[in-house]
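Asks: Quick one, what's the 3D model for this:
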Amino acid sequence: MELSSLLGIDAPIVLGPFGGLSSVDLTATVSEAGGLGSFGLYGLGGDRIAAVAEELRARTVRPFALNLWLPFQGPGERSPRDGFDRAEFDRALDALAPLFAEAGAQPPEWPVAPLPPFDEQLEAVLAARPAVLSVIFGVPPAELVEQAHQRGIHVIGAATTVPEARALEAGGVDAIVASGSEAAGHRPSFLAAPEAGLVGSMALIPQIVDAVSVPVIAAGGIADRRGVAAAFALGAAGVQVGSAFLATRQSAAPAVHRDRIRTADAHDTVLTRAMSGRAARGLPNHAVRAIEERGGSASFPLQNILTGVFRRRAAEQGMPELLSLWMGQAAGLSRFDDAADVFAELAAGLPTPRS
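Replies: Just a heads-up that it's a prediction; the model follows:
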């Protein structure tokens with residue numbers, strides 16, 4: 001089945017979920033245009049998830065996706081059930097002290113509040129019944145897929161390698177995002193370290209298409225009609241686009257972040273664990289360099305929680321050197337300020353329907 005028919009959308013164009021940078025405005029705009037708007041729920045509790053779904057339904061009657069991070073534990077990371085380590089907290093806070101001072105932000109005190117439980121998030125998503133539940137960092141449990149399907153919710157997973165794609169298909173997902181190494185933000189690798197699976201979209205997409213029978217959504221390096229046409233030539237059934245949409249006024253990214261996306265060159269971005277404790281692609285800035293030089297990166301999610309304090313203050317003050325400037329290698333191809341114009345440009349690259 002074609003991706004559009006499967007998901008009930010007009011065009012196989014998916015908005016990348018942005019976690020803390022998602023907005024109802026952008027998600028609804030993409031869905032209203034005929035694609036699949038996505039909203040990242042990282043860090044949100046059940047009540048807030050329910051509110052987001054309600055706000056989206058007030059803006060659009062079209063399908064949308066809600067995105068969850070599975071409770072994946074990478075090497076060196078502590079299980080959320082174990083709580084945070086005080087010694088690691090103290091070391092990380094000491095290393096980050098100059099950045100808190102530069103932002104004029106008050107450092108957090110011990111103990112650090114934990115993230116909302118995954119079960120609480122999942123319960124809220126299932127109750128909201130979006131058209132799609134997309135997940136990253138692993139294969140969703142069989143009971144999750146079954147519960148979603150019982151409620152008419154399609155499940156999409158993300159892969160960075162062929163083995164990950166095969167594992168997702170065996171897990172029962174309805175479609176797979178093939179995330180090339182060019183893509184912005186966190187690498188959703190789960191079978192090996194992200195640094196060991198940096199496969200570019202040109203090589204990754206056709207190999208995943210050949211390895212699985214479910215629709216494959218290409219992600220990474222796609223920002224205009226040329227990227228869309230290339231993805232479909234490689235066998236993709238749809239595209240997922242992040243940076244080009246993140247650069248629009250409908251996104252929740254600060255204006256200084258959006259400006260940096262438009263002016264970035266393909267070679268400017270790096271993969272770093274500095275800001276969150278997990279490997280993510282973005283533009284290196286003063287904060288990234290300072291953390292890497294001082295060796296002050298705690299494990300995920302503690303590092304993400306700590307840097308989030310000064311990042312929020314920096315966003316309020318328009319200080320790009322203290323933000324997480326997530327963007328992909330095609331960021332410099334972002335030309336438009338309005339998400340509807342981005343969508344139209346991408347749609348121009350879709351294959352012409354056969355008569």
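
Asks: Return the set of buried residues in stretch 315-331.
Replies: Within stretch 315-331, the residues scored as buried using 16 or more other C-beta atoms under 10 Å are 315, 319-331. The way it works is simple: take the backbone N, C-alpha and C, and place the C-beta from them, glycine included.

Asks: Stretch 251-271 now?
Replies: Of the residues in stretch 251-271, those scored as buried under the neighbour-count criterion (16+ other C-beta under 10 Å) are 251-254, 256-258, 260-262, 264, 268-269.

Asks: Which pair of those residues spans the longest distance?
Replies: Between all members of the buried residues of stretch 251-271, the longest pairwise span (C-beta to C-beta) is found for Ala252 and Asp268 and amounts to 22.2 Å.

Asks: Where does the prediction get shaky in the stretch 251-355 of the chain?
Replies: The model of the stretch 251-355 of the chain has pLDDT under 70 over residues 296, 354-355.

Asks: Where do the strands of it begin and end?
Replies: Taking DSSP state E, counting those that start in this stretch as the criterion, the stretch 251-355 of the chain carries its strands at 270-272, 280-282.

Asks: could these be laid out in a markdown table, adding distance to Leu198?
Replies: Formatted as a markdown table, the entries for these read as follows, by distance: least, C-beta to C-beta, whole Å:
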| stretch | distance to Leu198 |
| --- | --- |
| strand 270-272 | 7 |
| strand 280-282 | 10 |
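
Asks: nearest to Gly152, of these?
Replies: Ranking these by proximity to Gly152 (C-beta to C-beta) places strand 280-282 first, at 32.6 Å.

Asks: So which of the buried residues of stretch 315-331 sit within helices?
Replies: The subset of the buried residues of stretch 315-331 located in helices under the criterion DSSP state H comprises Ala315.

Asks: Go through the buried residues of stretch 315-331 and say which is closest to Ala229.
Replies: Here the nearest of the buried residues of stretch 315-331 to Ala229, counting by C-beta to C-beta, is Ala330; it sits at 13.7 Å.

Asks: what sits against the closest one?
Replies: For Ala330, the residues meeting the contact criterion (C-beta atoms under 8 Å, 6 or more residues apart in numbering) are Glu182, Gly220, Gly221, Ile222, Ala223, Gly227, Ser243, Ala244, Ala266.

Asks: Over to Phe84?
Replies: Each residue near Phe84 by C-beta under 8 Å, 6+ apart is listed here: Arg78, Pro111, Val112, Pro114, Leu302.

Asks: again, only this time at 7 Å
Replies: For Phe84, the contacting residues are Arg78, Val112, Leu302, taking C-beta atoms under 7 Å, 6 or more residues apart in numbering as the criterion.

Asks: quick revisit: now the contacts of Ala330 in JSON lines, with distance to Gly35 and secondary structure?
Replies: Listed next are the contacts of Ala330 as JSON lines, based on distance: C-beta to C-beta, whole Å; DSSP: H, G, I helix; E, B strand; the rest coil:
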{"residue": "Glu182", "distance to Gly35": "20", "secondary structure": "coil"}
{"residue": "Gly220", "distance to Gly35": "17", "secondary structure": "coil"}
{"residue": "Gly221", "distance to Gly35": "18", "secondary structure": "coil"}
{"residue": "Ile222", "distance to Gly35": "13", "secondary structure": "coil"}
{"residue": "Ala223", "distance to Gly35": "15", "secondary structure": "coil"}
{"residue": "Gly227", "distance to Gly35": "15", "secondary structure": "helix"}
{"residue": "Ser243", "distance to Gly35": "16", "secondary structure": "helix"}
{"residue": "Ala244", "distance to Gly35": "12", "secondary structure": "helix"}
{"residue": "Ala266", "distance to Gly35": "25", "secondary structure": "coil"}
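
Asks: For PyMOL, write the selection for the buried entries among the residues you listed.
Replies: If you want just the buried ones from these in PyMOL, going by 16+ other C-beta under 10 Å, the selection is:
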select buried, resi 182+220+221+222+223+227+243+244
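
Asks: Do a quick rundown of the strands in the stretch 1-150 of the chain.
Replies: Read by DSSP E, counting those that start in this stretch, the stretch 1-150 of the chain holds these strands, from start to end of the chain: 13-15, 37-40, 64-69, 132-136.

Asks: Looking at the ones you listed, spot the one closest to Pro163.
Replies: Ranking the strands of the stretch 1-150 of the chain by proximity to Pro163 (C-beta to C-beta) places strand 132-136 first, at 16.0 Å.

Asks: Please write out the alpha-carbon positions of stretch 108-123 in CSV.
Replies: Included here for stretch 108-123 are C-alpha records, laid out as CSV according to Å, rounded to 0.1, in the frame of the first residue of the first chain:
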residue,chain,number,x,y,z
PRO,A,108,19.4,23.7,39.3
GLU,A,109,19.6,22.2,42.8
TRP,A,110,19.8,18.6,43.8
PRO,A,111,17.7,16.5,43.5
VAL,A,112,16.8,16.8,39.8
ALA,A,113,13.2,16.0,38.8
PRO,A,114,13.0,12.9,36.7
LEU,A,115,11.4,12.8,33.2
PRO,A,116,7.8,11.7,33.0
PRO,A,117,7.4,7.9,33.0
PHE,A,118,7.1,6.4,29.5
ASP,A,119,4.0,4.4,30.6
GLU,A,120,2.3,7.7,31.4
GLN,A,121,3.2,9.2,28.1
LEU,A,122,2.1,6.1,26.2
GLU,A,123,-1.3,6.0,28.0
